[in-house]
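>>> I'd like to go over a predicted model; first the sequence, then the structure.
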Amino acid sequence: MAKFRTLDDLGDVNGKVALVRVDLNLPMQDGAVTDDTRVRASAPTILDLCAKGAKVLLLAHFGRPKGERVSTQSLSMVVDAVQSVIGKEVMFVPEIAGPVVAQSVGILRPGDVAILENTRFWKGEEKNDPELARAIAENGDFYVNDAFSAAHRAHATTEGLAHVLPAYAGRSMQAELEALEKALGNPQRPVAAVVGGAKVSSKLDVLKHLVTQVDHLIIGGGMANTFLAASDVDVGKSLCEHDLKPTAVEILETADKSGCTVHLPYDVVVAKEFAANPASLRTCAVHEVAADEMILDVGPQAVEALADVLKTCRTLVWNGPLGAFETEPFDHATVSLAKVAAALTAEGSLVSVAGGGDTVAALNHAGAADDFSYISTAGGAFLEWMEGKELPGVAALHKD
């Protein structure tokens, strides 16, 4: 991975204006923020710049207003949440460029913070309009991107500004990029990847890329059924994309050529109906699934074997649950393997990086999240990184 500038590369920025792209797309209920995780992620960057005496202007999007001003999607609604996290008063500016912003910059003192309006109120944002980027840049001295979650989009404030102003990675972006570099960029081998979730179709590119990068690919969730079906196993009425069997065969063949071992469950937890603790619940070998049964989790013997695999590995990338983890007892495989990964990480023998919405929920449910080396809260950006794609917001930060 090319080297990128961080806040440590900044010279004297006292009194200078920092345009900082953050993720303030926060969940709201009745006009109040219900989860400030994303604000907390960017707090170190904001406070670091304040301590250096910069005037900090926060840029962010909120919802999908499609280039129109929508009062219910104004970033004025997140000001209180940001103030309470960073412990400083925050000014709100109802524009992102032009004289109103210039006037606000004149009022701010070194170390002060302002939030500019929702960048997506301007059509040029999502079109990555260079004129909009230049107009925003006129009120700033340098640009900091601290929103990895939006780095897979080439927008004016995620990519365009980096071409107009000196560009730096914020602390959260830096931590994310360093963790990803350890996981797949330049990892310690052997490397294992756990990929779960309902459908192969949503993670085709991930699977195709990973089999050329990792030593062990552990497939769980509904997508494992498609691979089992492609290996001539009758999966009964399990969730399965039968039309993707040829693609699954192709992925297995690529894995074989690349020296990647693909692990599919050989014992499974099945039931005739998908409900909590159903009467028809049983564990059986994959070849014994009845026509009226569905596979809902990986079985205990397979989980034990997968735990042994992880014990031989130095690096783990995890995306998606192994079973229908929201419903007991189909959370057992995910919880068991996550606890093994957490314990190996805690003892220092494994670097573990996980990401994706369901994954974070599953690892929190397992009580394993705190011991993982790094958990990415980025959904789409994390998946695109797992697909081996270059993310425009990251590429724009590279040093020449």
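Right, received. Where do you want to start?
>>> Give the helix, strand or coil label for residue 68.
Of the three states, residue 68 takes coil under DSSP: H, G, I helix; E, B strand; the rest coil.
>>> so it makes contact with residue 121?
Yes - look at residue 68 against residue 121 with C-beta atoms under 8 Å: they come within range, at 6.8 Å. Using the backbone N, CA and C atoms, a C-beta is placed for each residue, glycine as well.
>>> quick one, which of those two is more surrounded?
Ranked by neighbour count (other C-beta atoms under 10 Å), residue 68 and residue 121 place residue 121 first, with 21 against 10.
>>> Give the closest residue to the more buried one in space, chain neighbours not counted.
Nearest residue to residue 121 in three dimensions, chain neighbours excluded: residue 69, at 4.9 Å (C-beta to C-beta, 6 or more residues apart in numbering).
>>> List the contacts of residue 74.
By C-beta atoms under 8 Å, 6 or more residues apart in numbering, residue 74 lies in contact with 62, 94, 117-118.
>>> How about residue 384?
Residues near residue 384 by C-beta under 8 Å, 6+ apart: 152, 391.
>>> Check the spacing between it and residue 174 real quick.
For residue 384, the distance to residue 174 (C-beta to C-beta, to the nearest Å) stands at 19 Å.
>>> Kindly report the same for residue 192.
From residue 192 across to residue 174, the span is 25 Å (C-beta to C-beta).
>>> These two - which one has more neighbours?
Neighbours were tallied for residue 192 and for residue 174 using other C-beta under 10 Å; the higher tally belongs to residue 192 (26 against 21).
>>> Doesn't that one belong to a strand?
Yes - secondary structure of residue 192 (three-state DSSP): part of a strand.
>>> ok, it touching residue 213?
No - using C-beta under 8 Å as the test, residue 192 is too far from residue 213 to be in contact (11.1 Å).
>>> Tell me where the model's unsure across the chain.
Across the chain, the ranges flagged by pLDDT under 70 are 1-2, 400.
>>> quick one: the helices in it?
Remark: helices assigned in the chain by DSSP state H are 37-51, 79-86, 99-107, 123-126, 130-137, 171-180, 204-210, 221-230, 245-258, 300-311, 332-346, 357-365, 380-386, 392-395.
>>> Output the first one as PDB - backbone C-alpha positions only.
Yep, that's helix 37-51 we're talking about. C-alpha atoms of helix 37-51 as PDB (Å, rounded to 0.1, in the frame of the first residue of the first chain):
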ATOM      1  CA  THR A  37     -20.200   5.700  17.700                       C
ATOM      2  CA  ARG A  38     -19.200   7.500  14.500                       C
ATOM      3  CA  VAL A  39     -18.700  10.800  16.400                       C
ATOM      4  CA  ARG A  40     -16.500   9.000  18.900                       C
ATOM      5  CA  ALA A  41     -14.400   7.500  16.100                       C
ATOM      6  CA  SER A  42     -13.500  10.900  14.800                       C
ATOM      7  CA  ALA A  43     -13.100  12.700  18.200                       C
ATOM      8  CA  PRO A  44      -9.300  12.000  18.400                       C
ATOM      9  CA  THR A  45      -8.800  13.700  15.000                       C
ATOM     10  CA  ILE A  46     -11.000  16.700  15.900                       C
ATOM     11  CA  LEU A  47      -9.300  17.100  19.300                       C
ATOM     12  CA  ASP A  48      -5.800  16.600  17.900                       C
ATOM     13  CA  LEU A  49      -6.400  19.400  15.400                       C
ATOM     14  CA  CYS A  50      -7.900  21.700  18.000                       C
ATOM     15  CA  ALA A  51      -4.900  21.100  20.300                       C
END
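>>> Show me how far stretch 207-224 is from its chain's centre.
Centroid separation for stretch 207-224 versus its chain: 18 Å, with C-alpha atoms, centre = their mean, to the nearest Å.
>>> Could you give me the buried positions within it?
Of all the residues in stretch 207-224, those buried under the rule 16 or more other C-beta atoms under 10 Å are 207-211, 213-224.
>>> likewise stretch 271-286?
Buried-residue list, stretch 271-286, by 16+ other C-beta under 10 Å: 271-272, 278, 281, 286.
>>> try stretch 239-249
Across stretch 239-249, burial judged by 16+ other C-beta under 10 Å covers 239-241, 244-245, 247-248.
>>> what residues does it touch?
Residues outside stretch 239-249 that contact it (C-beta under 8 Å, 6+ apart) are 198-201, 204, 222-223, 225-230, 294.
>>> Just give the nearest non-adjacent residue to residue 235, would you?
residue 225 (4.6 Å).
>>> ok, that neighbour touching residue 236?
No - judged on C-beta under 8 Å, residue 225 makes no contact with residue 236 at a distance of 9.2 Å.
>>> ok, now which ones touch residue 113?
Residue 113 makes contact with 46, 50, 56, 58, 82, 86, 88-91, according to C-beta under 8 Å, 6+ apart.
>>> still on that earlier bit, between which two of the buried residues of stretch 239-249 is the distance greatest?
Distances among these were taken as C-beta to C-beta; the most separated pair is 239 and 247, at 16.3 Å.
>>> Emit the PyMOL select command for whichever of the contacts of stretch 239-249 are buried.
A single PyMOL command selects the buried members of the contacts of stretch 239-249 (16+ other C-beta under 10 Å):
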select buried, resi 198+199+200+204+222+223+225+226+227+228+229+230+294
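>>> which one of the contacts of stretch 239-249 sits closest to residue 312?
Minimum distance to residue 312 across these is 22.0 Å, recorded for residue 227 (C-beta to C-beta).
>>> and that closest one, what does it touch?
The neighbourhood of residue 227, defined by C-beta under 8 Å, 6+ apart, consists of 200, 219, 248, 251-252, 262, 264.
>>> Then residue 252?
Residue 252 makes contact with 227, 230-231, 262, according to C-beta under 8 Å, 6+ apart.
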